[in-house]
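In: Sequence unavailable; structure follows:
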Ligand SMILES: [Ca+2]
């Protein structure tokens, strides 16, 4: 041990000094009295007296008379105590114990730091702190790889939803990879073909395309525009439209894109209430409402979002996940009318991968129809909610379906259809990316 070695050497040196002190006193006396002693170190001519000359060399130690009655103090050859130094055996043991304690403490702290570093690395890697997670997978890509025109996620989630609709006017927005923001899209150089392609990139069929429009962006253009490159041609280019947009501070037309990819949310019949009101008596008031049945029994409601896709709750299909078990009835007012109808077959059921049957989290699912619905005045799609809609409590909302017109145990939440206590089903806005991504498959 390094700290102990220093003390032991010092101890030995001090003890030797005391032993030499007594012996040298005797040797010095003998040297002075022994005539045969030759001083080989002395040479004549040197201006130095011989070693045995009186008074030379000067005594190193005080002269002690040989015949003195003074008795030298006994030398303790087993133990020497010097003030201020822990020279006892017990002290050395304490010193060693202290060194061992310090070493153990240092090792313990290093182990704690190593464990902490491993845990931090584990959680940071799992949380994808420095980037974005690819959908439900564990793959994490850098934020700069989102909507950059190149597929980086295993299922292409990073390039799947680079457009979105904002507000009640269906204002088109594109995600700026450079600024990591959603920006309005300048209408310069857009036409129907470009607009159709954008709808397809969102998840709609080009057959459902309605039109595009232009509006004054107002304060929405505060962050600038996403503008179609001047050399872009949707006929010649195989690149997605969103990859052909670039950041721009200016827009020649000073107008931005609105886009209607499907004729949704349109109803010609007046509104009526169900629970606490009356039974709907006008066919076509809620043309997107469908009945989902198994073996002729109505089990759940659903909403048409495109001619091929129905959105419903995941808990409805959790234990009945085979598409062949289901029939979809659209364009009917009463359940009795459906008894004699054929219904539409289902080819695919997709439940949200995050659905939890214990607490009904992520309670959303999609059904794909075997053949698309024929759109009519009584069969129409509902609009998926755009980002930025005013969903404040001061507005009027409707819940539709074939449930009872009085409160029963038919939904979850606080009671059923109580004033200011709506049943909780799911915030569809939070599932838009998932819905559109499934529609593109
Ligand atoms: Ca990418």
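Out: Happy to help now that I have it. What you see is a predicted model, and the numbers here were worked out from it, not measured in a lab. Numbering: from 1, shown residues only.

In: Please enumerate the helices of the stretch 51-200 of the chain.
Out: 89-127, 157-160, 192-202 (DSSP state H, counting those that start in this stretch).

In: and the ones you listed as TSV, adding mean neighbour count and distance to residue 356?
Out: C-beta here means a position set from N, CA and C on the backbone, and glycine is covered the same way. Formatted as TSV, the helices of the stretch 51-200 of the chain follow (neighbours: other C-beta atoms under 10 Å; distance: least, C-beta to C-beta, whole Å):
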stretch	mean neighbour count	distance to residue 356
helix 89-127	11	19
helix 157-160	22	21
helix 192-202	20	28
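
In: and the ones you listed as JSON lines, adding mean pLDDT and distance to residue 261?
Out: Shown next, in JSON lines, are these (pLDDT from 0 to 100; distance: least, C-beta to C-beta, whole Å):
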{"stretch": "helix 89-127", "mean pLDDT": "83", "distance to residue 261": "35"}
{"stretch": "helix 157-160", "mean pLDDT": "89", "distance to residue 261": "15"}
{"stretch": "helix 192-202", "mean pLDDT": "94", "distance to residue 261": "4"}
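
In: The ion is nearest to which of these?
Out: When the helices of the stretch 51-200 of the chain are compared by C-beta to the ion, helix 157-160 sits nearest the ion, at 4.0 Å.

In: quick revisit: want to try CSV for the helices of the stretch 51-200 of the chain, with distance to the ion as columns?
Out: Putting the helices of the stretch 51-200 of the chain into CSV (distance: least, C-beta to the ion, whole Å) gives the following:
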stretch, distance to the ion
helix 89-127, 20
helix 157-160, 4
helix 192-202, 14
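
In: Please produce TSV containing those helices, extended by distance to residue 296.
Out: Converted to TSV, the helices of the stretch 51-200 of the chain look like this (distance: least, C-beta to C-beta, whole Å):
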stretch	distance to residue 296
helix 89-127	47
helix 157-160	38
helix 192-202	36
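
In: Give me the nearest residue to residue 323, chain neighbours excluded.
Out: Distances taken as C-beta to C-beta, 6 or more residues apart in numbering place residue 346 nearest to residue 323, at 4.1 Å, with adjacent residues excluded.

In: Show me what from the protein comes close to the ion.
Out: Taking C-beta under 5 Å from the ion as the criterion, the chain approaches the ion at residues 145, 148, 150, 152, 158.

In: count of neighbours near the third one?
Out: With neighbours defined by other C-beta atoms under 10 Å, the count for residue 150 comes to 10.

In: from memory it sits against residue 156, does it?
Out: No - Residue 150 lies out of contact with residue 156 (C-beta atoms under 8 Å); the separation is 10.0 Å.

In: contact partners of the strand ranked longest in the chain?
Out: Longest strand in the chain, counting residues (DSSP state E): strand 297-306. The contact list for strand 297-306, computed with C-beta atoms under 8 Å, 6 or more residues apart in numbering, reads 204-205, 208, 262, 264, 287-293, 310-313, 316, 320, 328, 330, 335, 338, 367, 372-373, 379-382, 384, 400-403, 435, 439.

In: which residues of the stretch 201-350 of the chain fall in helices?
Out: Using DSSP H, counting those that start in this stretch, helices in the stretch 201-350 of the chain cover 314-317, 335-338.

In: Out of those, which is the most enclosed?
Out: Stretch with highest mean neighbour count among the helices of the stretch 201-350 of the chain: helix 314-317 (a mean of 22; mean count of other C-beta atoms under 10 Å).

In: so what secondary structure elements neighbour that helix?
Out: Applying 3 or more C-beta pairs under 8 Å, 6 or more residues apart in numbering; DSSP states H and E, one finds that helix 314-317 contacts strand 344-351, strand 365-369.

In: With mean pLDDT and mean neighbour count as new columns, can those strands be given to me in a markdown table?
Out: As requested, the helices and strands packed on helix 314-317 are exported to a markdown table (pLDDT from 0 to 100; neighbours: other C-beta atoms under 10 Å):
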| stretch | mean pLDDT | mean neighbour count |
| --- | --- | --- |
| strand 344-351 | 98 | 17 |
| strand 365-369 | 98 | 22 |
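
In: Phi and psi next, for residue 168.
Out: Here is the backbone geometry of residue 168 (degrees, to the nearest 10): phi -70, psi -20.

In: Buried among the contacts of strand 297-306? Need that as a selection in ChimeraX.
Out: Buried subset of the contacts of strand 297-306, written as a ChimeraX selection, criterion 16 or more other C-beta atoms under 10 Å:
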select :204,205,208,262,264,287,288,289,290,291,292,293,310,311,312,313,316,328,330,338,367,373,379,380,381,382,384,401,402,403,435,439
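
In: Having no further points to raise, I will conclude here.
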